[in-house]
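Novice: predicted model and sequence below, questions to follow.
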Amino acid sequence: MSLRGKAAYTPARLPILRWLTASGADVPPHISYLLLSEIFASQNAVLMAVLNGLLINSVAQYLAGGFIFLAFIVTDIGLAIIRVWVVRKGAAASKAGKPTPTDLYLITAICWCALQGGIVFTAIYTGKLVLEVLGTCTAMGLIGPICARNYPAPRYAMLLVCLCDFPFVAGALLIGNRWMLVVLLETPLLILGCISVIRRLHAMAVALLEAEYASQQLAERDPLTGLFNRARLVDVLHNLKAAGTRFVLFYLDLDGFKKVNDTLGHPGGDALLREVAARLQTTIRDSDTLARLGGDEFVIVSPNLGQVESAALASSIIQRISDQEYAVGSESLARIGVSVGYACWPEDGPTLELLQNHADLALYEAKNAGKGVHRRFVAPADADCEADLPWRDEERRGAP
């Protein structure tokens, strides 16, 4: 179970299904969200399950005859087709970041377990020894995998267990064999055992995910501000480049931070950096990525942002950082500014290393221009790409 690359599935919409799949009030929401994906079976698991159903139904049809087992076969195949379609659609939707058919998957899984319970009951109720054995093996054989797969949602898992086990118990009691009354004594022990196993697996999964989440936060986040760090920023840039997504890379450097840090000390400087991070987060879009490189340097990555929008965002950042004083102590107020330099991929640098260098050069130009301004990287006049970028003439004429 890994956080990185983990498929994301939409929580159920129906209140009863949302309640059934809830991980518990003591489980953090982000962990509950990750656990949900573990409930979804693979396509192969569904196919193996239908093959098992076809086996017992075929034997039952041969030994007992009648219409009921043929109906079970047709229903099992039809339900399997729907479940495979739902599983495939869910996997595709999760990869694309779209809503997944979670409700439909849960309902079809519940129907399948109820169907298996009906098959087991009918097989045992025939009174034929072979079918009694097959029905018992099927009921017991289903319970283990159900617990092993659905432990992230204990209530849902126990519902599936009961749908498979209770029809078996009813069939065993109705065939008239007094020795089958032992099943009544075994059933509570089985249920309690399943609850114990599911709870233990659930607790282990939650602990593992929480530990991995904490470790990932340390590896990807700046401990002072909670923003992404340099390592995670590199991942974001590589992913955007690999996807062929145009993006703008903004480099930010605070103006006047050193004076505040020297005057108020590191605690005051740290408080100021946290406040700056909070203001930046309210300025950028949800699709943007904000990171801190260290010191008073920040980076913003904005995908699918045009030239006009890039300049507008840079102006908004400068205004947001400098428009109000910062409370960095019980009685201390500070005012700072920010300079912004930015470059666009792919036109301002075919490689990420070159793009970062160009964004840094643009920041240097902004600092030299008097600080509190923004500059986009402008290639030398003899660069081959200059002719392809006519709007740069306008930028050079004036715009900060």
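Specialist: Received, thanks. Numbering: from 1, shown residues only.

Novice: can you list the buried residues in stretch 224-231?
Specialist: By neighbour count with 16 or more other C-beta atoms under 10 Å, stretch 224-231 contains the buried residues 225, 227-229. C-beta: built from backbone N, CA, C; applies to glycine.

Novice: wait, residue 376 sits on residue 342?
Specialist: Yes - counting by C-beta atoms under 8 Å, residue 376 does reach residue 342; the two are 5.5 Å apart.

Novice: give me the common contacts of these two.
Specialist: Common neighbours of residue 376 and residue 342, using C-beta atoms under 8 Å, 6 or more residues apart in numbering, are 310, 362.

Novice: what segments of this structure are helices?
Specialist: For the chain, the helices defined by DSSP state H occupy 15-20, 29-36, 43-64, 68-96, 102-125, 129-150, 154-174, 182-220, 230-243, 257-281, 307-322, 352-368, 391-397.

Novice: nearest to residue 296, out of those helices?
Specialist: helix 257-281 (4.2 Å; C-beta to C-beta).

Novice: and that closest one, what other elements does it pack with?
Specialist: Here helix 257-281 touches strand 289-294, strand 297-303, helix 307-322, strand 326-327, strand 333-334, going by 3 or more C-beta pairs under 8 Å, 6 or more residues apart in numbering; DSSP states H and E.

Novice: so in that sheet, which strands flank the fourth one, and in what orientation?
Specialist: Right, strand 326-327. Its sheet considered, strand 326-327 pairs with strand 333-334 (antiparallel) by DSSP bridges.

Novice: and for the partner strand, what's in contact with it?
Specialist: Taking C-beta under 8 Å, 6+ apart as the rule, strand 333-334 contacts 260, 264, 268, 272, 325-328.

Novice: adding distance to residue 56 and neighbour count, write the residues you listed out as CSV.
Specialist: Formatted as CSV, the contacts of strand 333-334 follow (distance: C-beta to C-beta, whole Å; neighbours: other C-beta atoms under 10 Å):
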residue, distance to residue 56, neighbour count
260, 75, 22
264, 76, 17
268, 73, 18
272, 70, 24
325, 76, 11
326, 71, 20
327, 72, 13
328, 72, 23
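
Novice: in JSON lines, list the helices of the chain along with distance to residue 301 and mean pLDDT.
Specialist: Below are these laid out as JSON lines (distance: least, C-beta to C-beta, whole Å; pLDDT from 0 to 100):
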{"stretch": "helix 15-20", "distance to residue 301": "35", "mean pLDDT": "93"}
{"stretch": "helix 29-36", "distance to residue 301": "22", "mean pLDDT": "79"}
{"stretch": "helix 43-64", "distance to residue 301": "36", "mean pLDDT": "84"}
{"stretch": "helix 68-96", "distance to residue 301": "21", "mean pLDDT": "90"}
{"stretch": "helix 102-125", "distance to residue 301": "31", "mean pLDDT": "93"}
{"stretch": "helix 129-150", "distance to residue 301": "38", "mean pLDDT": "88"}
{"stretch": "helix 154-174", "distance to residue 301": "39", "mean pLDDT": "92"}
{"stretch": "helix 182-220", "distance to residue 301": "14", "mean pLDDT": "87"}
{"stretch": "helix 230-243", "distance to residue 301": "6", "mean pLDDT": "90"}
{"stretch": "helix 257-281", "distance to residue 301": "12", "mean pLDDT": "88"}
{"stretch": "helix 307-322", "distance to residue 301": "12", "mean pLDDT": "92"}
{"stretch": "helix 352-368", "distance to residue 301": "10", "mean pLDDT": "92"}
{"stretch": "helix 391-397", "distance to residue 301": "21", "mean pLDDT": "35"}
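
Novice: out of those, the one nearest residue 251 is which?
Specialist: helix 352-368 (4.3 Å).

Novice: buried residues in the closest one?
Specialist: Quick answer for helix 352-368 (16+ other C-beta under 10 Å): 355-356, 358-363, 365-367.

Novice: mind listing residues that contact it?
Specialist: Contacts of helix 352-368 (C-beta under 8 Å, 6+ apart): 234, 237-238, 241, 249-253, 339-343, 345, 348-349, 373-378, 400.

Novice: now, which of the residues you listed lie within strands?
Specialist: Using DSSP state E, 249-253, 339-343, 345, 374-376 are the members of the contacts of helix 352-368 that sit in strands.

Novice: check the gap between residue 57 and residue 122 for me.
Specialist: 9 Å (C-beta to C-beta, to the nearest Å).

Novice: wait, residue 94
Specialist: 37 Å.

Novice: do residue 253 as well
Specialist: From residue 253 to residue 122 the distance is 75 Å (C-beta to C-beta).

Novice: residue 218: neighbour count?
Specialist: For residue 218, the tally of surrounding residues (other C-beta atoms under 10 Å) stands at 10.

Novice: of the contacts of helix 352-368, buried ones?
Specialist: 237, 241, 249-253, 339-343, 345, 348-349, 373-378.

Novice: what residues does stretch 227-240 touch?
Specialist: Stretch 227-240 has contacts (C-beta under 8 Å, 6+ apart) with 219-222, 247, 249, 277, 289-294, 298-299, 301, 303, 345, 352.

Novice: nothing else from me, thank you.
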